[in-house]
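Participant: Sequence plus predicted model, see below.
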Amino acid sequence: MKPRILFACCVFLGAFSAANAAEHRLSSEGAQEKLQVLIDSDARPAKQKARDQYRRPMETLAFCGIEGGMNVVEIWPGGQGGWYRRIIEPFISDGGGSYVPVGGRSAFPGDVEAAPDGAADMVLVFRAHGFMIYDEPAQTHVNAVYDMLRPGGVLCIVDHAGDEAVPQDPEGENGYVNESHFKMLAKQAGFELIATSDHNRNPKDTKDHPRGVWSLPPTLSRTLPGTPARKRFLAIGESDRFTHKYLKPEGE
């Protein structure tokens, strides 16, 4: 096993908790090696690579347990140049699986023709603000993800973690999502939580900013370069994030 891959696995052993260890699997060694090649590739824009320190694609995708032969749906990947899409799409295509990007102009959370109910092995959701800042109710979005998955399929989500000492704003205006709130949405949809990880955490994030999560990088909303406010937000870095893995139970 290559040292970088071994390091990623060792991080997980100390950084994630498994609610049902029998169901939680990291990506295989071979899959991790292929992912690392894509992450290191010169084909990725330097601007995207600069964010690896915050988004940790190797650790995140390995935690999710992605494999090349899977049918994978990514919700709102951000177009052809989407940050995770540049890694996931070639990985899945080369592995003989299928990658379905569900864009912002799709019918989601309504029926998506390219992602029929019960067909996905894995659905990935990155920084979707708990589905709370969009037109349809958050629960409707989570229910739609549940329906996309086959029994035994996995939802893996990374999102901006809210302050658990503050009640969840149902409109999510500051962009943060309390872990407990998303767990509730997932449970109501029928999901079982099988693992969580702390590898996307940022203890510097106080979650109390003038423009909410958008005050922080990469958005840096309403601060000018070189100003004390901009420097302060850059020093914090990107948001504190929870990383969850859910199972759609067999027989559902």
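Facilitator: Yep, it's here.

Participant: With only the CA atoms kept, save the longest strand along the chain in PDB.
Facilitator: Counting residues, the longest strand found in the chain (DSSP state E) is strand 149-160. Below are the C-alpha coordinates for strand 149-160, written out as PDB (Å, rounded to 0.1, in the frame of the first residue of the first chain):
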ATOM      1  CA  LEU A 149     -31.000   4.700  -4.000                       C
ATOM      2  CA  ARG A 150     -31.400   1.000  -4.300                       C
ATOM      3  CA  PRO A 151     -31.900  -0.900  -1.100                       C
ATOM      4  CA  GLY A 152     -28.500  -1.200   0.500                       C
ATOM      5  CA  GLY A 153     -27.400   2.000  -1.300                       C
ATOM      6  CA  VAL A 154     -25.500   4.800   0.400                       C
ATOM      7  CA  LEU A 155     -25.900   8.600   0.800                       C
ATOM      8  CA  CYS A 156     -22.700  10.400   1.600                       C
ATOM      9  CA  ILE A 157     -23.000  14.100   2.600                       C
ATOM     10  CA  VAL A 158     -20.600  16.900   3.500                       C
ATOM     11  CA  ASP A 159     -22.200  20.100   4.700                       C
ATOM     12  CA  HIS A 160     -21.600  23.300   6.700                       C
END
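
Participant: C-terminal to that strand, what's the next element?
Facilitator: Elements were assigned by DSSP states H and E; along the chain past strand 149-160, the next helix or strand is helix 179-189.

Participant: re earlier: can you give me the buried ones in the longest strand of the chain?
Facilitator: Residues L149, R150, G153, V154, L155, C156, I157, V158, D159, H160 are the ones in strand 149-160 that count as buried (16 or more other C-beta atoms under 10 Å). (Glycine included, C-beta is placed from N, CA and C.)

Participant: cool, and stretch 113-133?
Facilitator: Buried, per 16+ other C-beta under 10 Å, within stretch 113-133: 115, 120-132.

Participant: Tell me the neighbouring strands of the longest strand of the chain, and mark each as parallel or antiparallel.
Facilitator: strand 120-126 (parallel), strand 241-247 (antiparallel) (DSSP bridges).
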